[in-house]
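Participant: just to be clear, the model below is a prediction. Sequence and coordinates:
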Amino acid sequence: MNIIPKTTSVLLAAIVLSSCAPKTPPPKPIPQAPPSPQVKVEEPPKPQYIQLAQRDANIIGQKIWMNEGSAKVENLTVWNKGEQFASLGIGHFIWYPPGVEEPYTETFPELIVFLQQQGIETPLWLQTTFDAPWHSYEAFKRLEQSAETQALRTLLANTIPQQVQFIIRRLEQALPKMQASLPTEERRIHLIEQFYRVAQAPNGIYALVDYVNFKGEGTSRKERYRGQGWGLLQVLENMSNHSPNVMVDFANSAEFVLRRRVQNSPPARNESRWFPGWRNRIKTYI
């Protein structure tokens, strides 16, 4: 009850004493340095071919999905008979079961990481499973309508734009990888010339994005039969400098490289059965 009066008297005494004290000039303000401007770190602009790919991402995605799975949801999860792996998503990204090693780049685990980085919620079992949960074609077919596989198809059907961005990113990373794999400046210059000839042609961006997703960059030493690859690197290297129609040249080169792959492949794989479909796909580039 006495707190308020006591506080008041103390304040009054302080005021009286301060009025009697000699006046001292107030301290000069310490000059303050101007605030540092916020430096905004901007991502360098993407190359023009990447900007074009991003602009046309939906169109490119629909074409790739049509090429790989006839644009059907049920074809977002596939295990082709005679193969040792699952093919998933609009790009039929490869996913190996435990213990399987094949001469093809596995891309599905990278896609899942990419989706998670984009803030996409993925099923818990995908977050804890690095290898494909199906050990064989027969096991995959048995579980094709399981809750887990249906949830996977739903995820893939709902993330088509993100899958296209994943494929575009692979193309963006392909060019420096292909350059670095070549031993001479002459071959590197030829590669760059052909890449940009295709990129600047009508339908060229789609062809580059689709082929690098379809058959890879061509830089992996594992992706070889008899020492010869079949990726985008080999297609571009095989192109001529003087063809009047660059997309016809690109398609013809791709057909040559894939025909050579079939000829070099182990006979037990019977890869010739796929060649007509590959050739039909290549025709969409022209």
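Facilitator: Okay, I see it.

Participant: sec struct for Asn75, please.
Facilitator: Three-state call for Asn75 (DSSP: H, G, I helix; E, B strand; the rest coil): helix.

Participant: just give me the neighbour total for it.
Facilitator: Residues near Asn75, counting by other C-beta atoms under 10 Å, number 17. To be clear about C-beta, it is placed using only N, CA and C from the backbone, and glycine gets the same treatment.

Participant: close enough to count as contact, it and Met66?
Facilitator: No: using C-beta atoms under 8 Å, Asn75 is not in contact with Met66, being 10.1 Å away.

Participant: where do the contact lists of the two overlap?
Facilitator: Common contacts of Asn75 and Met66 (C-beta atoms under 8 Å, 6 or more residues apart in numbering): none found.

Participant: so where's this protein shaky on pLDDT?
Facilitator: For the chain, applying pLDDT under 70 flags the ranges 1-44.

Participant: quick one: the helices in it?
Facilitator: Taking DSSP state H as the test, the helices found in the chain are 3-20, 48-55, 57-69, 108-117, 124-127, 137-142, 147-157, 160-181, 185-199, 204-215, 232-237, 246-264, 275-283.

Participant: may I see these arranged in TSV, with mean neighbour count and distance to Tyr96 as well?
Facilitator: Below are the helices of the chain laid out as TSV (neighbours: other C-beta atoms under 10 Å; distance: least, C-beta to C-beta, whole Å):
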stretch	mean neighbour count	distance to Tyr96
helix 3-20	9	78
helix 48-55	16	28
helix 57-69	19	18
helix 108-117	17	9
helix 124-127	12	15
helix 137-142	14	12
helix 147-157	16	16
helix 160-181	19	18
helix 185-199	16	30
helix 204-215	24	17
helix 232-237	26	22
helix 246-264	19	20
helix 275-283	15	22
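
Participant: how about those, which one is nearest Gly91?
Facilitator: Comparing the helices of the chain against Gly91 with C-beta to C-beta, the closest turns out to be helix 204-215 (4.6 Å).
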